[in-house]
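>>> With the input below, show me the fold.
(chains A and B)
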Amino acid sequence: MELVFEIKGGDFTHAGKASSKIKKVLKQLNVDAKMIKRIVIAVYEAEVNVVAHAHNGVLRTIIGNDSIEVVIKDEGPGIENVEKAMEAGFSTASKAVREMGFGAGMGLPNIQKNADELEITSEINKGTMVRFKNYF
Amino acid sequence: MKISDIQKLTDARIVAGHSFSERNVKKAFSSDLMSDVLTLDEEDILLITGLANIQLLRTAEMADIHVVLLARNKKASPEMIQLAEENRIVLLETPFSIFRASGVLFSSGIQPLY
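I've put the predicted structure just below:
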């Protein structure tokens, strides 16, 4: 099953819609609750990242019998140093993002914690691609 | 502790999820930082917060948190109430500060996460 969602940069009202839908689908498929939580937290963190940093993005997920793959591609400023961005506490988030309860430099490390496989590629002033996979 | 007891101890008002007020909660976490809440490994806890926005409810939804207490008279918006109802989350508003609400509930037996 493939699901596709568009994410708008700066649109905090709708951040979480993709994760919410994916959570409902995984529940219907009777995936273990702890695994669902890991997956949807990673998806949600990725969604918030697009809303917080990029102009727009597309989230695509393929749900198979024993795994889920999520790919988030955005158009935006990109990440200058992916390794640095993976460090807990490193953040370039704006004040507005911090006021929403995010931007503490915990998003990418938390995606890593919750994903079985993670790949991040980024190009300055073009955008970022985050791909992760979890096995049920 | 029952949510209805949490309500009494903190002079709170339930604004969403009324029908789940007899649910039990053992542990709580107080934070305005949703990123921090998203790193918790436990579920079914009480979240005490001063952050009243739609992302609070999204965070609770993803983190499997079913009770949220808004401190210091922060008001839930209609959108927040709707999202809480959709996800069977009990949302309460208390006039107490985060410190006071946490203190009262801690001394009444609610346990910390860390």
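>>> Residues of chain B that sit close to chain A?
With the criterion set to C-beta under 8 Å from any C-beta of the partner chain, chain B comes near chain A through B:32-36, B:38-39, B:43, B:51, B:53-56, B:58-59, B:61-64, B:79. Where you see a C-beta, it was placed from the backbone N, CA and C, and this is true even at glycine.
>>> Return the residues in contact with A:Ala104.
Neighbouring residues of A:Ala104 by C-beta atoms under 8 Å, 6 or more residues apart in numbering or on different chains: A:Gly89, A:Ser91, A:Ala93, A:Arg98, B:Leu33, B:Ser35, B:Asp36.
>>> ok, the last one touching A:Gly107?
Going back to what we said before, that points to B:Asp36. No: look at B:Asp36 against A:Gly107 with C-beta atoms under 8 Å: they stay out of range, at 11.4 Å.
>>> Over to A:Leu59. Which of the three states is it?
Following DSSP: H, G, I helix; E, B strand; the rest coil, we place A:Leu59 in the strand state.
>>> What helix or strand is the residue most central in space within chain B located in?
Compute the mean C-alpha point of chain B, and by C-alpha atoms, centre = their mean the closest residue is B:Val68, 1.6 Å away. Assigned by DSSP states H and E, B:Val68 belongs to strand B:67-70.
>>> about what we covered before: please name the bridge partners of the residue nearest to the centre of chain B.
Counting by DSSP bridges, B:Val68 forms beta bridges with B:Leu47, B:Leu91.
>>> these two touch, right, it and B:Ile89?
Yes: in terms of C-beta under 8 Å, B:Val68 counts as a neighbour of B:Ile89; the distance is 6.2 Å.
>>> what residues are up against the closest residue in space to B:Asn73 that isn't next to it in sequence?
Take B:Asn73 and drop its neighbours on the chain: the residue closest to it by C-beta to C-beta, 6 or more residues apart in numbering or on different chains is B:Pro95, 5.3 Å away. Contact partners of B:Pro95, counting by C-beta under 8 Å, 6+ apart, are B:Asp11, B:Arg72, B:Asn73.
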